[in-house]
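> quick one: sequence plus predicted model below, questions after.
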There are 2 protein chains.
Amino acid sequence: MKKLLAAAALLICSLTSIAQQALWDKPATFSPEIHPDGSVTFRMFAPEAQSVEVGGDFLAQLSADGNAKLTKNDQGVWELTTGPLAPELYSYRFIVDGLTIPDPASVYLIRDTSTIFSYFIVPGDRADLYSINDVPHGTVSKVWYDSTDYGSRRMTVYTPAGYEQSPERRYPVLYLLHGMGGDENAWSELGRATQILDNMIALGKVEPMIVVMPNGNVAMPAAPGESHLGMLPPTTRLPHTMDGSYEESFPEIVKFIDTNYRTLDDKPHRAIAGLSMGGFHSLHISKQYPDMFDYVGLYSAVVNPRGETGSEVYKDFEGKLARQFAAKPALYWIAIGDKDFLYDENVRYRALLDAAGYPYEYHESADGHIWRNWRIYLADFLPRLFR
Amino acid sequence: MKKLLAAAALLICSLTSIAQQALWDKPATFSPEIHPDGSVTFRMFAPEAQSVEVGGDFLAQLSADGNAKLTKNDQGVWELTTGPLAPELYSYRFIVDGLTIPDPASVYLIRDTSTIFSYFIVPGDRADLYSINDVPHGTVSKVWYDSTDYGSRRMTVYTPAGYEQSPERRYPVLYLLHGMGGDENAWSELGRATQILDNMIALGKVEPMIVVMPNGNVAMPAAPGESHLGMLPPTTRLPHTMDGSYEESFPEIVKFIDTNYRTLDDKPHRAIAGLSMGGFHSLHISKQYPDMFDYVGLYSAVVNPRGETGSEVYKDFEGKLARQFAAKPALYWIAIGDKDFLYDENVRYRALLDAAGYPYEYHESADGHIWRNWRIYLADFLPRLFR
């Protein structure tokens, strides 16, 4: 009997290993390979290249100076293994004889404005919030709404796991806004927002909520390549992104969501947050409509409009702020990195809030105006909502 | 007054042109550039490279032999302008000193199994069905369902424009299945299925319908990088793709859709179609459940199982086919290219259908086992459904 069990176990193991092998099917050039200690091996097959380097946000940890050089073996494969990296989502690119490209051996690419990066996750700690884990998953939809002034426009909508199965239940809503050069895909792709939500809701740390990620570029109906404007080169230089147009039209987004989703459609169940330009939008939208949002999150936010726009939205800044805070928002949350180029602008804004005695929470992180910080801010912000 | 109008027109033009410029923001290396006559300029900034070529499916039209060479100018930009190309969605890659990469100047990338291609569209004719036009757009959702035997699994669901605004209306459903190496993203990305549907519905040529694009790899809950299996290298060598598991479990997908969407939940309002392995799945699922689908589409389909699987699904092939055709399906549609490696297998299958007197429609196209054909087949098949 023992022998039979052993044979059965062996059979199961070998079947599993065949299945694993087939699932993995490790290609000749497997890159990047994440080792159990968090070190990473980069590989590139380029027998004719004279020089291959890797650049990326992980290098700072290794006290590397500039890019790191790969070494060629006798099969023409260039290789580099790093020291152990802290858990995080990292992005990188190769430089081959002066040409900067994503990793040709990896299909895991991400676009930040006009640049395509390869990326990988070293698991553990907060990086596990960015991974797709075996937990219930929400639905992520690309939805078009009709704007009175700006035509048909696209947004990303996250509905939490169980939304479809609970037809009587209504949910609170977070409006989550992107920065300059971003679009309705930015938070779900670069920001790992849907993974963070799935994971934190499954852990019981965050209330199940609907998250709406609209496109804040009124001159573009959707992300590059996703609208009738065609396959334009992405750019940060878009008209009407910070001239009041978006802020003025925002209530039609809220109305669309309240009409088409099972929302709790009142101020205590609405939050708005955004990064950089999206923080600017969140600041000005929330004070323009003081009865709309009880929770406000400003992540590395631009505070003041750039130049004279003529928009009514930016007029009477302090009067509107006074009305917003008189209505006592449940949370006004400001976060920024100590090396952010908007740091001083935020210091001045907090001085204004302090002088007026308006309560807010403040979180200061290391480093600057980067997605790593915005993922951290989102994961810090979410548990404070709707509780 | 005329002067005033002229001045206003001038102002509008110049504003528009500023807006256009900002929207375009042509980068130093703009590639690919599609000219009005359908010719295309490829560009690559690589001053240190010794040789830059482009390879792609457009080359056959230019009677080119192998790849086409780009020429370097004195700014270090390599360039090539093709002759006029027929309207189509094309994919291509550069070869730089022997290294094959997508176009570094373009963000428009598409994954086919483990290969990343750049792509572009030459507009006109049927290629306009693949473009995103200024028409009402359906919603595209990534949705998870619970499989009894295979856990939580992901699918892509298209609901047509107007679905949300017509809460009383119920819709027919097309189940659209991918091939080997594909996943729940294949039809919406490589197949341009959501564009084809948006455009053909807007033209009044296709009934508004729900389209369900599940993942036919039972060993993977979702596309590579989209499940808790992590960021595996994509592969075609997956276990349980053609062993009956998927076909047996298919009714739970239909049940999930009928439960969670406003479907017309009977045979006259259900279609199933797929390419290659998805054609195989469509063939065997539709004969296994003869009362489920009134419309069947086999695009470049595999007909027979490979080797002995032991699955009940593949037993009594002719008996099941007899029951399916006795129930008189509204449409049994077979399409294949004359250079497809599955051509002979389809000839034999049609001989079997002919011998038994089972009616079907047959469409033979040029060329082989390629996405260009599957997009054409989908656009041919859709207008025949639910009318």
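Thanks, I have it.
> residue A:92: which element?
strand A:88-96 (DSSP states H and E).
> do residue A:194 as well
helix A:193-202.
> and for residue A:54, the neighbour number?
25 (other CB atoms under 10 Å in any protein chain shown). (Each C-beta comes from the backbone N, C-alpha and C, glycine too.)
> low-scoring pLDDT stretches of the stretch 51-200 of chain A, where are they?
Applying pLDDT under 70 to the stretch 51-200 of chain A picks out residues A:64.
> which bits of it sit near chain B?
A:96-102, A:104, A:106-109, A:111, A:114, A:116, A:120-121, A:131-134, A:136-137, A:139-144, A:151-152, A:154, A:161, A:164 (CB under 8 Å from any CB of the partner chain).
> and if you look at the stretch 201-350 of chain A?
Counting by CB under 8 Å from any CB, the residues of the stretch 201-350 of chain A close to chain B are A:219-220, A:222, A:224-235, A:237-239, A:260.
> show me where chain A has its helices.
Using DSSP state H, the helices of chain A run over A:2-24, A:127-130, A:186-189, A:193-202, A:245-260, A:277-288, A:317-326, A:343-356, A:371-381.
> which parts of the fifth one are buried?
Within helix A:245-260, the residues that qualify as buried are A:245, A:246, A:247, A:248, A:249, A:250, A:252, A:253, A:254, A:256, A:257, A:260, counting by 16 or more other CB atoms under 10 Å in any protein chain shown.
> circling back: name the stretch among the helices of chain A that sits most buried.
Mean neighbour count (mean count of other CB atoms under 10 Å in any protein chain shown) peaks for helix A:277-288 among the helices of chain A, with a mean of 26.
> what's the angle from it to helix A:343-356?
Relative orientation of helix A:277-288 and helix A:343-356, computed by axes from the mean of the first three to the mean of the last three CA atoms, to 10 degrees: 20 degrees.
> run through who's touching helix A:277-288.
Applying CB atoms under 8 Å, 6 or more residues apart in numbering or on different chains, the contact partners of helix A:277-288 are A:175-180, A:182, A:216, A:241-242, A:244, A:246-248, A:250, A:272-274, A:292-293, A:296-303, A:305, A:313-314, A:317, A:320-321, A:323-324, A:329.
> just the closest residue of the stretch 151-300 of chain A to chain B, please.
residue A:235 (3.7 Å; CB to the nearest CB).
> count of neighbours near that residue?
20.
> against residue B:119, how distant is it?
From residue A:235 over to residue B:119 the distance is 20 Å, taken as CB to CB, to the nearest Å.
> relative to helix A:371-381, how tilted is the helix holding residue A:194?
Helix A:193-202 runs at 30 degrees relative to helix A:371-381, counting by the same axes, to 10 degrees.
> now do helix A:193-202: distance to the chain's middle.
Its chain's C-alpha centre and that of helix A:193-202 lie 12 Å apart, by CA atoms, centre = their mean, to the nearest Å.
> CA atoms only for it - export them in CSV, please.
Output in CSV follows, covering the C-alpha atoms of helix A:193-202 (Å, rounded to 0.1, in the frame of the first residue of the first chain):
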residue,chain,number,x,y,z
ALA,A,193,-5.4,50.3,-9.1
THR,A,194,-7.6,47.3,-9.9
GLN,A,195,-5.1,44.9,-8.3
ILE,A,196,-4.7,47.2,-5.2
LEU,A,197,-8.5,47.3,-4.9
ASP,A,198,-9.1,43.5,-5.4
ASN,A,199,-6.4,42.7,-2.9
MET,A,200,-7.3,45.2,-0.2
ILE,A,201,-11.0,44.5,-0.5
ALA,A,202,-10.2,40.7,-0.1
